[in-house]
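Undergrad: Generate coordinates for the sequence data below:
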Amino acid sequence: MTSAGRLPLLLEAVLSIGGDLGLRATLQQIVDTATTLTGARYGALGLLEPDQDRTEALYTTGMTEPERQRVAHLLQERRAGLPSEGGGREPGGPPAPAFLTAPIQVHTELFGHLCLAEKGSGPFSETDRALLHVLASQAGIAVGNARLHESARQRERWIEGAAAVTTALLTGTDAADALMTVAEGARALAGASAGVILQPTEAGGMEIVTASTLEDPAGIVGTTIAPGSPVLVQLLGGEPVFIDDSATDPRMTTDVRSRFGPSMMLPLQSGGRLIGTLALPRRRGAPPYTAVDRLLATQFASQAALALVMADAQADREQLAVYEDRDRIARDLHDLVVQRLFATEMMLESTRRRALREVAGEGTGEGSGGQAVERSGEEEAGELLGRAVDELDSTVQEVRTAIFALQQPPAEAPSTFRGRVLRETGGAAALLRFPPSVHFTGAVDAMVGEETGRELLAALRGALAAAHRRPGISAIDVAVDATVRLPDGRSAVRLVVADDGRDEEGGRSTTVTWQAPL
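TA: Residues are numbered from 1 along each chain as shown. Okay, the predicted model is just below:
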């Protein structure tokens, strides 16, 4: 083929690099064009796996399947590069025909080789060699762009996956669910056969505590790495371990190693604290992990470890909030219930003494005036006993409210005054069988201080308990107003609790429970 006839085909191959053809079609077109332009009988374009010594893909022209396998083997053996032109004898085979080859690379990174053999019109010329290098350069550009694009997409998937795992961990899961979330997310991102979490044991080894697999996970959970294992020494030292074949690597000592091939074992550590190890084994015969795979997985493990620590700290904070809430309830029981019981005891003691005095008076034989005194004493004693009964009933309601609060599921205590008011009315709703209506006026969270807030909440609890004792109650309205002005011009907060129950005279009961300057 003349130089003028070669130019359109060469331009077509060059322009295809930026066209709509996919990588496979582009590379096949390049090897087809190379054989056509040079008049070669055979053509082969072999791509090597990144950071590996084996052929990832092979594109050929004019070859049978046995010939394709032979070329793939040759390319894999000659990873460092092939001579530009030559001949010779393969071990145990006939003399090889003259061939021409050019490296497929960008800068110093070698992606593979483009090879030609058996030119029908004679040996390959310098023009053939120049054409081959141009096509190999175009193949290098195509492969480099495709791998950059795939690397960017891979990084994006790992970043999104790490963010999703972090979000899931911080939404509030228990320890077992948190570890499974990390294992499942990492397994899916790495294309692994399994994602497992190992944690240190008291004996100094490591045990698989969580396993996420696509296949039967039987026999994986509970597997231990014995103390002193070379792998364990690296992991406990915070170093990642990368293995090409778990089944044959002498460092692997577990019973399940025969199931897997390439593997990554990544420490889960944050701030010098080793939480465990994330292991990502692939099935036997699967492609090894590339340098990019290892880097992204290591970064994921670091972020997952930090998220696990943060989730653990968040759980501790929530538990602390529960303890603080229990402490508040204990203070309420002491401040309200115990004092009320003491006051009731004093009333009953006063009634007992009065009754004893009246009995002693009857024994002295006083006149008719004694009957009037006796009736007056009976009425006063009855009133005191009635008040004592009311106080005891109120105390029972306070205890019931406290018990209800203790039965609530763990939750973070409200940090605002508005939230604490709503918590009190919500707790009372369980006893009242209906929710009180709550209204706020003014910037109550900004205006009401800590000390004033505690006193107001105590008054609110007392008012709700008192309202509960009134008959026929079906609605309670609670209003907190932080815009009140006192006669002297000072700002104040006012609590009003109104209900539709009936007082002793049969009228509506409305109570201004508490008011104080801000």
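
Undergrad: For Pro281, list each beta-bridge partner.
TA: Ser263 (DSSP bridges).

Undergrad: Show the pLDDT at it.
TA: What the model reports as pLDDT for Pro281 is 89.

Undergrad: do the same with Pro103
TA: With respect to pLDDT, Pro103 scores 90.

Undergrad: where does it fall, phi/psi-wise?
TA: Backbone torsions of Pro103, given as degrees, to the nearest 10, read phi -70, psi 140.

Undergrad: can you check Gly204 too?
TA: phi 100, psi 0.

Undergrad: which residues does it contact?
TA: Going by CB atoms under 8 Å, 6 or more residues apart in numbering, Gly204 touches Pro227. C-beta coordinates here come from the backbone N, C-alpha and C atoms, glycine included.

Undergrad: mind listing the strands for the stretch 351-500 of the chain?
TA: 437-441, 476-485, 491-502 (DSSP state E, counting those that start in this stretch).

Undergrad: The shortest one relative to strand 476-485, how many degrees between them?
TA: Between strand 437-441 and strand 476-485, the angle formed by their directions is 10 degrees, by axes from the mean of the first three to the mean of the last three CA atoms, to 10 degrees.

Undergrad: Can you list the strands that strand 437-441 pairs with?
TA: Strand 437-441 has the following sheet partners, assigned by DSSP bridges: strand 476-485 (parallel).

Undergrad: what does the strand it pairs with contact?
TA: Contacts of strand 476-485 with the rest of the structure, by CB under 8 Å, 6+ apart, involve 421, 425, 428, 432, 434, 436-444, 447-448, 456, 460, 464, 467, 491-499, 515, 518.

Undergrad: Mind jotting down where the helices sit in the stretch 201-350 of the chain?
TA: Taking DSSP state H, counting those that start in this stretch, the helices of the stretch 201-350 of the chain run over residues 230-236, 291-332, 339-363.

Undergrad: What strand or helix carries the residue most central in space within the chain?
TA: By CA atoms, centre = their mean, the mean C-alpha position of the chain lies nearest to Leu169, the distance being 2.2 Å. Assigned by DSSP states H and E, Leu169 belongs to helix 126-170.

Undergrad: quick one: that helix to helix 291-332, angle?
TA: Helix 126-170 and helix 291-332 are oriented at 10 degrees to each other (the same axes, to 10 degrees).

Undergrad: OK, contacts around Val497?
TA: Counting by CB under 8 Å, 6+ apart, the residues that Val497 touches are Leu460, Ala463, Leu464, Ala467, Ile476, Asp477, Val478, Ala479, Thr511, Thr513.

Undergrad: Please name the nearest non-neighbouring residue to the fifth one.
TA: Put plainly, it is Ile476. Using CB to CB, 6 or more residues apart in numbering and skipping the chain neighbours, the partner closest in space to Ile476 is Pro436 (4.0 Å).

Undergrad: need the contact list for the one you found.
TA: Contacts of Pro436 by CB under 8 Å, 6+ apart are Thr425, Ala428, Ala429, Leu464, Ala475, Ile476, Asp477, Val478.

Undergrad: try 7 Å
TA: In this structure, Pro436 makes contact with Thr425, Ala428, Ala429, Ile476, Val478, judged by CB atoms under 7 Å, 6 or more residues apart in numbering.

Undergrad: Tell me how many other residues surround Glu450.
TA: By other CB atoms under 10 Å, the residues close to Glu450 number 7.

Undergrad: how far away is it from Val478?
TA: Separation of Glu450 from Val478 (CB to CB, to the nearest Å): 20 Å.

Undergrad: try Leu266
TA: When Leu266 is compared with Val478 (using CB to CB), they lie 55 Å apart.

Undergrad: Gln269 now?
TA: As for Gln269, its distance to Val478 is 51 Å (criterion: CB to CB).

Undergrad: try Ala465
TA: For Ala465, the distance to Val478 (CB to CB) stands at 13 Å.

Undergrad: How about Met310?
TA: For Met310 relative to Val478 (CB to CB), the value is 37 Å.

Undergrad: Between those two, point out the one with more neighbours.
TA: Between Met310 and Val478, Val478 has the larger neighbour count (other CB under 10 Å), namely 24 against 14.

Undergrad: What is the burial count for the closest residue to the more buried one other than its chain neighbours?
TA: Leaving out its chain neighbours, the residue that sits closest to Val478 by CB to CB, 6+ apart is Val438, at 4.8 Å. Around Val438 there are 17 other residues, counting by other CB under 10 Å.

Undergrad: before we move on, what about Ala203?
TA: 10.

Undergrad: Please name the nearest non-neighbouring residue to it.
TA: Using CB to CB, 6+ apart, the nearest residue to Ala203 is Pro227, at 6.2 Å.

Undergrad: Could you check how many residues crowd around that neighbour?
TA: 14.

Undergrad: Going forward, the N-terminal residue is numbered 56.
TA: I'll keep to 56 as the first residue from here, and by that count the last item is Pro282.

Undergrad: Roughly how far does it sit from Ala537?
TA: From Pro282 across to Ala537, the span is 64 Å (CB to CB).

Undergrad: Quick check, pLDDT for Val347.
TA: At Val347, the model reports a pLDDT of 86.

Undergrad: Tell me how many other residues surround it.
TA: Neighbours of Val347 using other CB under 10 Å come to 16.

Undergrad: was I right about Arg212 contacting Leu244?
TA: Yes. Using CB atoms under 7 Å, Arg212 is in contact with Leu244, at 6.1 Å.

Undergrad: Please say which of the two ends up with more neighbours.
TA: Neighbour totals were compared for Arg212 and Leu244, and Leu244 leads with 23 against 13 (other CB under 10 Å).

Undergrad: Quick one: mean pLDDT over the one helix or strand the more buried one maps to.
TA: Secondary structure assigned from DSSP H and E places Leu244 in helix 230-245. What helix 230-245 shows for mean pLDDT is 83.

Undergrad: what sits up against that helix?
TA: 212-213, 216, 219-220, 223-224, 228, 249-252, 264-267, 333, 335, 348, 352, 355, 359, 363, 366.

Undergrad: repeat for stretch 156-176
TA: The contact list for stretch 156-176, computed with CB under 7 Å, 6+ apart, reads 86, 89-90, 93-103, 130, 136-137, 139, 152, 154-155, 187-188, 190-191, 194-196, 198-199.
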